[in-house]
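Colleague: Just to be clear, the model below is a prediction. Sequence and coordinates:
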Amino acid sequence: MSADPIFQRALALALERHRAGDLAGAESEFNNVLALAPHDPVALHHLGILALQRGDPAGAAALLERAVVAAPDDPGAHFNLGLARRSLGRLDAAAESYRRALAINPDFADAHLNLGNLQRLQNQTEHALASYQRALRLNPGNAGTHNNLGSVLQDLGRWADAAAAHRRAIELNPRHAGAHFNLGNALARLRRIDDAIASFQHAATLDPGYRQAHLRAAEMLVTLRRFAPALAAYECALALQPDDVAALDQVVHIRQMLCAWTGLEEYQARLGAAVDAGAPVRPFTLLSMPSSPAQQQTCARRWIADLAGTPPVDRPRASGGDRLCIGYVSSDYREHPVAYMVAPVFAQHDRRRFRVLGFSLGPAPPSPGRQQVVAACDGFTELTGVPDDEAATRIVEAGIDILVDLNGHTGGARPGLFARRPAPIQVNWLGYPGTLGAPFVDYAVVDRAIAASEDDRWFDEQVVRLPWCYQPNHLERAVAASRPTRAALGLPERAPVLCCFNASYKITPAFFAIWMRLLAAAPDSVLWLLHHDDTNANLRAAAAAQHVDPKRLIFAPSVPLAEHLARQPAADLFLDTLPYGAHTTGRDALWCGVPLLTCRGATFPSRVGASMLGALELAELIASTPDDYEARALALLREPARLRALRDRLAARRATAPLFDIARFTRDLETAYEQMAARHRAGSPPAPIEVARGDAG
């Protein structure tokens, strides 16, 4: 450093202005210093800091590189050069700068901290842990370092230790939103969900603009089925980033579940526009909102588009054995409608012609549904947690000829498994009411009511039409021995009881308005719905807004299925929904002898009611438009004798009609499988299959 008085005054003035926060003045004065002494390390160092402060890391790096040449023993210059290099993405060079600073001053706590941050970024997890621990030994009061230590402990799976580190950060700085957020993540891993939610919510309270805190709180609230506060959190996140399609998707679906209809139409329009614009949206959400078959197909295609190029697993040539090996894949082998529907089919398969293997994608405790599936299979394999490559290899080793996806685009699905082509023939059936949009799925099993020939274009799979309902149904079902009275159920003894036991997200404002007009037309009637804590009040408010006494909505508490089946005959008429109608709930009502009034729409999920009624030869319960639906319902309310006659016809046909003939259904399905296999063995590509009535052996 020069002893020149002019130089000393210039340097002192520059340092004074920098300390005072006069950055422009300081920069000017430091440049004056450099004019007098071009290699002065202090001026170069401070000009580098000023460049960092004004967002010019490249300029800062150039200046600081000169500074460390001029003063190689200055740890601060090396440290700040590390900051500049980190901003430029030169991570290895930045790490070297921090190490140089530490070689000069091993007690430089911030250098240990920043080196740890870089090491964590470069997945050098154990090294990052050591760096944070050194930083804390030197400066134990740094909340940020404790928080970062917690994060690297999470990387190592040490959730309890991580939580302790984040708590220490919060003790030192209770307003550290990031520490509260990270504590929430650690607590979630420890399955302390309520505490995790509280941490996420606290982070969002401290920093209302913290999107990830709102999102994580919402996700956790959904796992606990606390949908009202989850909706509020998702809407906060969406307000912060209006183009977040995933949050918009959740807002739409949860609003439908809660029957929180104010503003719903606008949200649905935004989601539909996002689909049209090419955004990936969960296909399932589209099924219950206004959408066309073309939109649903486009949505499904886009959802799995990134899997289209997945390399297939090695698969030997088919053995051509006497028996076809059918593999059924599902995450729902548990207390779930799918398990109860497919178990009788598995049991009915002709073992002279078929071998049946089950592959489970979802862990489940022992339950009657799971036990029935396992007992009906010739072999059962648990693939929960098994990576797709390994799972596909296991399926190949099992010698599967036809692999059936019972999930589709529903929770627990593993499309990546099917993308690896572990079987020569792959089929979409039962789990998802629509095309999967996947080039690696060959066939979709439907029926004539679900999809006429002109609907083939909405399926990327080749369409297989069964002669009756595509949904398997069985007469033999467990039902509680005691049938409760209407009085015990809180229902009027003599007045008409209309019911809908569909999930709440299927109830739309338009059809609810029809139901309210029906109640108004039959003053003593009531509407019997499933109880949902967060939904009941919204539906009662909607009824009051349409001048219907909210007390005329009766909510049935959740009970085991056998008890639910025992109470359903207390209803007079089941009112279906649109665009997503009754599937298993409709089957349950018909099995219980309750007529189902449906409205056939343009999409797969709107046609299942019509499919079931067609298999019972009760076409008069299939409306073609909402107006037709309302008129038919009103006529039945006004003509009780006609409704009783329908119940009598339903009771008479239940035992003989195709809908509940599980043996006939299974033979039809087997015929379809054999035609698929015959085409494959002949070297022909998949093609549409029509199973005619009476074709099954």
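Modeller: Okay, I see it.
Colleague: surely C236 meets D207?
Modeller: No. Distance between C236 and D207: 11.5 Å, which falls outside the contact criterion (CB atoms under 8 Å). All C-beta atoms are positioned from the backbone trio N, CA, C, and that covers glycine.
Colleague: My guess is N428 contacts Y443. True?
Modeller: Yes. In this structure, N428 is within contact of Y443 by CB under 8 Å, at 7.0 Å.
Colleague: Need the overlap of contacts for the two.
Modeller: E461 (CB atoms under 8 Å, 6 or more residues apart in numbering).
Colleague: Identify the residue spatially nearest to the residue minimising distance to the centre of the chain, adjacent ones excluded.
Modeller: Centroid-nearest residue in the chain: G411, 6.5 Å away (criterion: CA atoms, centre = their mean). If the residues on either side of it in the chain are set aside, G411 comes closest to S331, at 7.0 Å by CB to CB, 6 or more residues apart in numbering.
Colleague: tell me the contacts of that neighbour?
Modeller: If a contact means CB under 8 Å, 6+ apart, then S331 has 360-362, 407, 411-414 as its contacts.
Colleague: Could you give me the PyMOL selection string for whichever of those are buried?
Modeller: Here is the PyMOL command that selects the buried residues among the contacts of S331 (16 or more other CB atoms under 10 Å):
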select buried, resi 360+361+362+407+413+414
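Colleague: Pick out the most distant pair among the contacts of S331.
Modeller: The largest separation in the contacts of S331, counting by CB to CB, is between S360 and G411 at 14.1 Å.
Colleague: Quick one: the strands in the stretch 501-650 of the chain, in order.
Modeller: 526-530, 553-556, 573-575, 596-599, 622-623 (DSSP state E, counting those that start in this stretch).
Colleague: what residues does stretch 670-684 touch?
Modeller: Where contact means CB under 8 Å, 6+ apart, the residues beyond stretch 670-684 that reach it are 318, 320, 324, 326, 349-350, 353-354, 401-402, 424-425, 427, 442-443, 445, 464, 466, 685-687, 689, 691, 695-697.
Colleague: Return the subset of those residues lying in helices.
Modeller: When the contacts of stretch 670-684 are checked against helices (DSSP state H), there are no matches.
Colleague: Verify the contact between L102 and G116 for me.
Modeller: No. Using CB under 8 Å, L102 is not in contact with G116; the gap is 11.3 Å.
Colleague: Settle it for me: which of the two has more neighbours?
Modeller: Counting neighbours by other CB atoms under 10 Å for L102 and for G116 shows that G116 has the greater number, 26 against 19.
Colleague: Could you verify my assumption that that one touches L136?
Modeller: No. Between G116 and L136 no contact is recorded; they are 10.0 Å apart, counting by CB under 8 Å.
Colleague: what distance separates stretch 49-61 from the centre of its chain?
Modeller: Its chain's C-alpha centre and that of stretch 49-61 lie 43 Å apart, by CA atoms, centre = their mean, to the nearest Å.
Colleague: buried set for that stretch?
Modeller: The neighbour-count check on stretch 49-61 (16+ other CB under 10 Å) flags 49-52, 56-57, 59-61 as buried.
Colleague: Where does pLDDT dip in the stretch 301-450 of the chain?
Modeller: 317-320 (pLDDT under 70).
Colleague: before we move on, the earlier item: of the contacts of stretch 670-684, grab the buried ones for PyMOL.
Modeller: Selecting in PyMOL just the buried members of the contacts of stretch 670-684, where the criterion is 16+ other CB under 10 Å, is done with this command:
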select buried, resi 318+324+326+349+354+401+402+424+425+427+442+443+445+464+466+686+689+691+696
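Colleague: coming back round to it: which among the buried residues of stretch 49-61 gets closest to G278?
Modeller: Distance ranking of these against G278, using CB to CB, places P57 first at 35.1 Å.
Colleague: now that we're looking at the closest residue to the closest one other than its chain neighbours, how far away is A62 from it?
Modeller: Setting aside the residues directly before and after it, P57 is nearest to S87 in space (CB to CB, 6+ apart), at 3.6 Å. S87 sits 13 Å away from A62, taking CB to CB, to the nearest Å as the criterion.
Colleague: neighbouring contacts of stretch 275-284?
Modeller: Contacts with stretch 275-284, where a contact means CB under 8 Å, 6+ apart, come from 245, 249, 253, 271, 274, 286, 291, 295-296, 298-300, 302-303, 305, 409-410, 432, 434, 437.
Colleague: wouldn't P422 be in contact with A392 here?
Modeller: Yes. With the criterion set as CB under 8 Å, P422 and A392 qualify as a contacting pair; they are 4.0 Å apart.
Colleague: Show me the common contact partners of those two, please.
Modeller: Taking CB under 8 Å, 6+ apart as the contact criterion, the residues that touch both P422 and A392 are V313.
Colleague: Quick one: the helices in the stretch 451-600 of the chain, in order.
Modeller: Counting by DSSP state H, counting those that start in this stretch, the stretch 451-600 of the chain has helices at residues 509-521, 536-545, 561-567, 584-591.
Colleague: the domain parsing of this structure - what is it?
Modeller: Following automatic domain parsing, one finds the domains of the chain at 5-216, 242-307, 324-466, 497-660.
Colleague: For A232, find the nearest of these.
Modeller: With CB to CB as the criterion, A232 lies closest to domain 5-216 of these, at 8.9 Å.
Colleague: starting at the chain centroid, how far to the closest one?
Modeller: Between the centre of domain 5-216 and the centre of its host chain there is 37 Å, according to CA atoms, centre = their mean.
Colleague: now this protein, which segments are flagged as low pLDDT?
Modeller: Counting by pLDDT under 70, the low-confidence segments of the chain come to 1-3, 317-320, 695-697.
Colleague: for it, which helix is longest?
Modeller: Longest helix of the chain, by residue count under DSSP H: helix 662-681.
Colleague: I'd like the distance from that helix to the chain centre, please.
Modeller: 33 Å.
Colleague: mind listing what's buried in it?
Modeller: Neighbour-count burial for helix 662-681 flags 662, 664-677, 679-680 (criterion: 16+ other CB under 10 Å).
Colleague: okay, that helix in PDB with CA atoms only?
Modeller: The C-alpha trace of helix 662-681 is given here as PDB (Å, rounded to 0.1, in the frame of the first residue of the first chain):
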ATOM      1  CA  ILE A 662     -70.800 -63.100 -13.100                       C
ATOM      2  CA  ALA A 663     -70.300 -66.400 -14.900                       C
ATOM      3  CA  ARG A 664     -71.600 -65.000 -18.200                       C
ATOM      4  CA  PHE A 665     -69.500 -61.900 -17.800                       C
ATOM      5  CA  THR A 666     -66.300 -63.900 -17.200                       C
ATOM      6  CA  ARG A 667     -66.900 -66.000 -20.300                       C
ATOM      7  CA  ASP A 668     -67.400 -62.900 -22.400                       C
ATOM      8  CA  LEU A 669     -64.200 -61.400 -21.000                       C
ATOM      9  CA  GLU A 670     -62.300 -64.700 -21.700                       C
ATOM     10  CA  THR A 671     -63.600 -64.700 -25.300                       C
ATOM     11  CA  ALA A 672     -62.100 -61.200 -25.700                       C
ATOM     12  CA  TYR A 673     -58.800 -62.300 -24.200                       C
ATOM     13  CA  GLU A 674     -58.600 -65.300 -26.600                       C
ATOM     14  CA  GLN A 675     -59.300 -63.100 -29.600                       C
ATOM     15  CA  MET A 676     -56.500 -60.700 -28.500                       C
ATOM     16  CA  ALA A 677     -54.100 -63.600 -28.100                       C
ATOM     17  CA  ALA A 678     -55.100 -65.200 -31.500                       C
ATOM     18  CA  ARG A 679     -54.300 -61.900 -33.300                       C
ATOM     19  CA  HIS A 680     -51.000 -61.600 -31.500                       C
ATOM     20  CA  ARG A 681     -50.000 -65.200 -32.300                       C
END
